[in-house]
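here you go, sequence then predicted model.
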Amino acid sequence: MTARAPVAIVVGMESLGEDLLLLSIRPDRGRIGNADKIDFGLMGSELVRLAALGRVEVAHERIAVRDTTPTGDPELDAALTSLTEARRPPKATAWVGKPRRGIRAAYVGRLTRAGVIQLEPARFLGIPTRPRLRLADGGRAADARARLDAIALSSGPVDVTQAAYGGLAHAIGLASRLYRGRDGRPARNRLAGVAKGGDAAPDAATRAANDAAVRAASDAVVQAANDAAVQAAAHAASAAAVHAAVHAANHAASHAAAHAGGHAGGAGGHGH
């Protein structure tokens, strides 16, 4: 397979999965508040990041591997391997809807090693239970929340990175937990719109890439024009992956909720 150079759009996406998990932690309980949905968000974040790196693309609802070169990120490489070893390109809804075993624990481990969270021993009736998750880096959590607020409290077009973050946050139930009550309704509606709006991100990205191509052509700089064309294609591919990932995460989360019945996800831990 032909190797593709990483594209610039990946900047800002590196922490996508970690941020979704970080905002899912309930500090009052030391648990993940949306344990029934977070894994779908993590799978969706990996699909988006792999597309942004040019490793995969989504076409006709299926994920096709375009470059098997390892990324150097253990979780992304595990995701890439699962896609590479599939007998045929899987549908995005099927792949996101069947989270990789241990994916949640892997991201908890990433945040723990980075010093963002700490695992504290816990007991129930004297019996050891899953460790509590304690936020150790309030700044990192505040930054993740501020970037989500910037999407939820905004209006107008969003870029590809924002579409992925806001759309997946909605899919895994963060909107209803972080923006409560009547005052939070506009933010919830905004994130729901981002999740549904497959047109906002592609249009904004395509316009930016086309503008760059026009400027490059007017300057008669051939290489710059070529670079702009490559970026236009990369933006379009990333936008398609975002739309597929958000749709798949929403589909999987709704399916899980329908089958869970009255089971409360808020009591979940962080293992898988």
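Now that the structure is in, tell me what you want to look at.

use CA for all of it now, contacts and neighbours both
Fine.

so where does the nearest residue to residue 251 once chain neighbours are set aside fall, helix or strand?
Of all residues not flanking residue 251 in the chain, residue 93 sits nearest, at 7.0 Å (CA to CA, 6 or more residues apart in numbering). Using DSSP states H and E, residue 93 sits in helix 92-96.

and that helix, what's buried?
Neighbour counts over helix 92-96 (16 or more other CA atoms under 10 Å) mark 92-93, 95-96 as buried.

after it, next one along is what?
For helix 92-96, the following helix or strand on the C-terminal side (DSSP H and E) is helix 103-113.

ok, the helix or strand just after that next one: who's next to it in the sheet?
Next helix or strand after helix 103-113 toward the C-terminus (DSSP H and E): strand 117-124. As defined by DSSP bridges, the strand partners of strand 117-124 come to strand 127-135 (antiparallel).

who are the packing partners of the helix or strand following the strand it pairs with?
Downstream of strand 127-135, the next assigned helix or strand under DSSP H and E is helix 138-152. Helix 138-152 sits against helix 16-24, helix 160-171, helix 185-196, with contacts defined as 3 or more CA pairs under 8 Å, 6 or more residues apart in numbering; DSSP states H and E.

what part of this protein, helix or strand, is modelled with the least confidence?
helix 200-218 (a mean of 41; mean pLDDT, DSSP states H and E).

number of nearby residues for the residue lying closest to residue 58 once chain neighbours are set aside?
Counting by CA to CA, 6+ apart, residue 58 lies nearest to residue 241, which is 5.6 Å off, once chain neighbours are set aside. Neighbours of residue 241 under the rule other CA atoms under 10 Å: 30.

tell me the contacts of residue 121?
128-132 (CA atoms under 8 Å, 6 or more residues apart in numbering).

what's the ChimeraX syntax to select whichever of those residues are buried?
Remark: buried members of these, expressed as a ChimeraX selection using 16+ other CA under 10 Å:
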select :130,131,132
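
of the contacts of residue 121, closest to residue 258?
Residue 258 lies nearest to residue 130 out of the contacts of residue 121, by CA to CA, at 26.3 Å.

ok, that closest one touching residue 122?
Yes. With contacts counted by CA atoms under 8 Å, residue 130 reaches residue 122, the gap being 6.4 Å.

quick one: buried residues of stretch 129-147?
Buried residues in stretch 129-147 (16+ other CA under 10 Å): 130-136, 140-141, 144-145.

and that stretch, what's its mean pLDDT?
Here stretch 129-147 scores 91 as its mean pLDDT.

what about residue 65, how many neighbours?
By other CA under 10 Å, neighbour count at residue 65 equals 21.

which non-adjacent residue is nearest it?
In this structure, residue 65 finds its nearest non-sequential neighbour in residue 56, 4.3 Å apart by CA to CA, 6+ apart.

hang on, that neighbour packs against residue 69?
No. Here residue 56 lies out of contact with residue 69, judged by CA under 8 Å, at a distance of 10.9 Å.

so these two - more neighbours on which side?
For residue 56 versus residue 69, the count of surrounding residues by other CA under 10 Å is larger for residue 56: 24 against 14.

list the contacts of that one.
Applying CA under 8 Å, 6+ apart, the residues near residue 56 are 47, 50, 63-67.

wait, which of the residues you listed is closest to residue 108?
Of all the contacts of residue 56, residue 108 sits closest to residue 47, with 18.7 Å by CA to CA.

can I take it that the closest one is in a helix?
Yes. Under DSSP: H, G, I helix; E, B strand; the rest coil, residue 47 falls within a helix.

how close does it get to residue 85?
Residue 47 sits 15 Å away from residue 85, going by CA to CA, to the nearest Å.
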